[in-house]
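Enquirer: quick one: sequence plus predicted model below, questions after.
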Amino acid sequence: MDVPSNGVPPTTSLSQELARRGVDNPGDLITSIMMFTERSKVVGPPPLPPGTPSTPGTPAGAARGGGRSPGPETPQAVLNTGELPIRAGSSALKQSHWKPVEKAVKCANPGCLKKFTWKDRRRNCCMCGEVFCRSCTCFRRKLSANADPDPLGTVHLVCERCSVAKTQVGRHRDLMKLFKSDRRSVLAMIKRDDQKPFHERARSGSRQAAIRAEADRLTEGFQSSRGFVRGLISDFKVPEWQKSKLWKPSNSVSRCYNSKCRFQFRMTSRKIHCRICGQVFCTTCTQDEIILYLDPQDRARWAINGKEGGPKTPPERFEMLRICSWCSEELQTVLLHELTLPPPEVFDFVAQLGNVHKKVASFTTKIEQWLPQYHNLVDALDIEPGAPNSVGGRHPFRRLVKVQSDLSDVFSRLAVHSQALKKLQPQTDSQKMLVRHMMISTFQFYSENMYLFRASKAHLAELMPVDGMDEMQAIVNHQSMDRIHLLVQQLIYEAISLKERYKLNSDFLTQLVEVVKCIEAEFSVFLEKRGEDWKEHVKSVNQFVEGEMKSNRRRIDVSRHQAKSPRYLQYLVVSQCSTVVHECLRELEAKTTERSFPETKESMRSSVVEMDCLLAAIQDFQRQRRNTA
């Protein structure tokens with residue numbers, strides 16, 4: 001049957017053929033075939049997979065999708081094969097450069113070279129045309145009709161070499177596969193690096209971490225290796241706790257490990273192991289020693305002998321071990337870094353701000369709770385200015401004195417602890433804005449509530465008789481001085497204990513002793529005027545301080561981590577002592593009159609100034625040491 005040149009079969013002949021074969025609705029089928037034929041002229045057919053046999057009535061070159069255009073397809077052939085006609089359009093992929101898959105014996109990838117069997121699937125790379133196995137053609141790239149990289153082309157399977165060749169244009173990558181591949185390579189590199197000796201490792205962080213771990217291992221072994229027998233054994237044989245995990249047998253070494261030395265060992269030459277890296281060196285290259293000793297708290301420490309960071313006084317129990325010069329320099333760097341820098345929490349701005357906010361919030365909560373009670377107690381006093389000079393028992397006088405004293409104390413402590421916001425060192429603009437807003441809100445809260453508190457105290461002075469006010473002020477003075485005496489006395493005991501334990505500087509203790517002398521001199525006169533026994537008061541103060549020390553309720557809070565750095569511990573103790581004395585001074589000024597206890601107030605002011613100067617000197621010293629290091 002003849003077919004017109006336009007490729008569209010005659011409708012009448014095709015309808016008769018379909019009707020003869022018993023096809024229902026032949027008109028719809030003819031319309032679909034014609035629409036597909038017209039669309040293939042514009043878009044082009046999809047390329048056939050390699051090795052697809054040609055259909056009956058189709059030339060072999062057309063079936064392979066070559067550059068030649070296929071001949072016209074008859075409707076009879078369409079019905080016999082059940083396939084739609086394929087026409088080569090402008091977007092069809094060029095396949096003329098493909099090598100025949102049936103002639104390929106093995107994979108073209110030099111890293112694979114897999115021999116093909118009858119059950120292996122062979123693929124052509126759509127870009128270079130070589131024959132590969134299935135696993136070597138899992139890469140994708142966008143190609144044009146001429147098999148060139150094109151970002152607007154169609155995604156095709158290519159080999160690994162073509163996927164990364166020449167240009168990035170048209171590359172189609174699987175990011176997850178790339179990530180997994182890079183991760184495997186990095187982990188393998190780190191594993192290989194960790195198996196190398198410390199001197200040959202590429203990463204400086206890995207070297208220092210490994211050396212610090214070996215130093216900690218030696219201190220743990222030194223702490224556990226007590227006894228005369230073990231010490232006797234160590235003189236003839238190296239103990240196991242002294243051997244590094246990279247310990248190298250001495251009989252397998254003929255030269256010094258130091259690349260600048262490379263001394264040839266002889267029969268009489270001594271081979272010395274470095275107790276940190278485990279390598280074998282000569283006597284000249286192992287002149288440095290690491291000292292392991294016990295501090296006064298019976299904790300094992302390490303340091304480089306003859307260098308900064310070691311014990312200031314000869315320890316009772318110690319041991320010297322030979323190390324190489326390279327490990328000595330690295331250990332000294334680690335030790336200086338630990339000595340010159342404060343603990344990590346000093347630099348944690350968020351933690352510091354959280355601690356200050358926690359203290360300020362506790363004071364504001366108490367003020368919000370107690371200030372309304374104080375207003376109600378003042379309003380409950382129904383005493384007129386012309387009333388008799390006596391305080392009736394029906395008035396809550398004791399309760400009023402207690403609430404007023406507590407409020408004065410809380411206001412003074414809020415003013416002291418809010419000053420810690422000025423000592424913070426924000427690094428970013430958001431941190432600076434956070435500190436500024438917190439300072440503004442705290443100042444507004446203090447100003448508003450202090451104004452209300454002073455107004456209530458002025459109203460109380462108008463309502464209360466003269467003798468009632470004097471009695472009330474005497475009670476407040478007694479409570480304030482009693483509390484301050486207890487605080488400063490306990491502070492001195494704690495400071496002395498820390499000084500003896502960690503060998504701290506005692507300059508700040510002289511200031512505290514002067515404050516206690518002034519408190520005892522003026523408070524003893526005050527109690528004698530009220531008819532109280534001063535000796536009984538001193539006895540009760542000593543019992544209270546002894547109970548606080550035994551129950552571990554301390555005013556100076558020091559953690560184990562903070563106690564590792566002597567300079568930072570000195571700064572921490574002086575800072576907390578200054579805060580407590582400043583708090584007592586603000587409380588005394590808020591509760592007592594200006595003429596009450598003048599020597600105590602002046603002594604507290606001078607001690608606060610001296611301790612602040614001492615803190616500044618410690619900070620300057622640490623800053624200079626950090627700059628020189």
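Expert: Noted; the coordinates are in hand.
Enquirer: now the top helix by length along the chain: how far from the chain's centre is it?
Expert: Using DSSP state H, we find that the single longest helix of the chain is helix 466-502. Taking the mean of its C-alpha atoms, helix 466-502 sits 42 Å from the chain's own mean (C-alpha atoms, centre = their mean, to the nearest Å).
Enquirer: in that helix, what counts as buried?
Expert: 468, 472, 475-481, 483-485, 487-495, 498-499, 502 (16 or more other C-beta atoms under 10 Å). Every residue, glycine included, has its C-beta placed from N, CA and C.
Enquirer: how about stretch 315-332?
Expert: 315, 318-319, 321-328, 330-332.
Enquirer: dump the residue contacts of Phe411.
Expert: With contact taken as C-beta atoms under 8 Å, 6 or more residues apart in numbering, Phe411 is in contact with 367, 446, 449-450, 453, 590.
Enquirer: and the strands in the chain?
Expert: Remark: strands assigned in the chain by DSSP state E are 123-124, 131-132, 139-143, 154-158, 171-172, 272-273, 280-281, 288-294, 300-304, 318-323.
Enquirer: select, out of these, the one closest to Val435.
Expert: With C-beta to C-beta as the criterion, Val435 lies closest to strand 300-304 of these, at 38.0 Å.
Enquirer: rewinding a little: now, the contacts of Phe411 that are in helices?
Expert: Residues of the contacts of Phe411 located in helices (DSSP H): 367, 446, 449-450, 453, 590.
Enquirer: what count of nearby residues applies to Ala415?
Expert: Counted with other C-beta atoms under 10 Å, the neighbours of Ala415 add up to 19.
Enquirer: and what of Tyr374?
Expert: 22.
Enquirer: without its sequence neighbours, what residue ends up closest to it?
Expert: Distance criterion C-beta to C-beta, 6 or more residues apart in numbering; nearest residue to Tyr374, sequence neighbours excluded, is Val403 at 4.8 Å.
Enquirer: so the one you found versus Val580, what's the distance?
Expert: 24 Å (C-beta to C-beta, to the nearest Å).
Enquirer: can you check Ala361 too?
Expert: Counting by C-beta to C-beta, the gap from Ala361 to Val580 is 20 Å.
Enquirer: the two: who's more crowded?
Expert: The residue with more neighbours, out of Ala361 and Val580, is Val580; 19 against 11, by other C-beta under 10 Å.
Enquirer: could you pull up the residues touching Gln261?
Expert: In this structure residue 261 is Cys, not Gln. The neighbours of Cys261, taking C-beta under 8 Å, 6+ apart as the test, are 281-282, 284-285.
Enquirer: ok, and the most crowded of the residues you listed?
Expert: Neighbour counts for the contacts of Cys261, by other C-beta under 10 Å, peak at Phe281, which reaches 26 neighbours.
Enquirer: what pairs with it across the strands?
Expert: In this entry, Phe281 is beta-bridged to Ile272, by DSSP bridges.
Enquirer: so it sits against Cys256, correct?
Expert: Yes: applying C-beta atoms under 8 Å as the test, Phe281 and Cys256 come out as touching, 5.3 Å apart.
Enquirer: quick revisit: give me the buried subset of the contacts of Phe411.
Expert: Those of these that meet the buried threshold are 367, 446, 449-450, 453, 590, by 16+ other C-beta under 10 Å.
Enquirer: dump those to a markdown table, plus distance to Gln264 and pLDDT.
Expert: Conversion of the buried ones among the contacts of Phe411 to a markdown table gives the following (distance: C-beta to C-beta, whole Å; pLDDT from 0 to 100):
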| residue | distance to Gln264 | pLDDT |
| --- | --- | --- |
| Ile367 | 81 | 92 |
| Tyr446 | 79 | 92 |
| Asn449 | 84 | 93 |
| Met450 | 84 | 92 |
| Phe453 | 87 | 90 |
| Ala590 | 81 | 78 |
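Enquirer: ok, how many other residues are close to Pro149?
Expert: 20.
Enquirer: same check, this time on Asp288
Expert: By the criterion of other C-beta under 10 Å, Asp288 has 21 neighbours.
Enquirer: report the contact partners of the closest residue to it other than its chain neighbours.
Expert: Nearest residue to Asp288, sequence neighbours excluded (C-beta to C-beta, 6+ apart): Ser328, at 3.8 Å. Under the criterion of C-beta under 8 Å, 6+ apart, the contact list for Ser328 reads 288, 290, 304.
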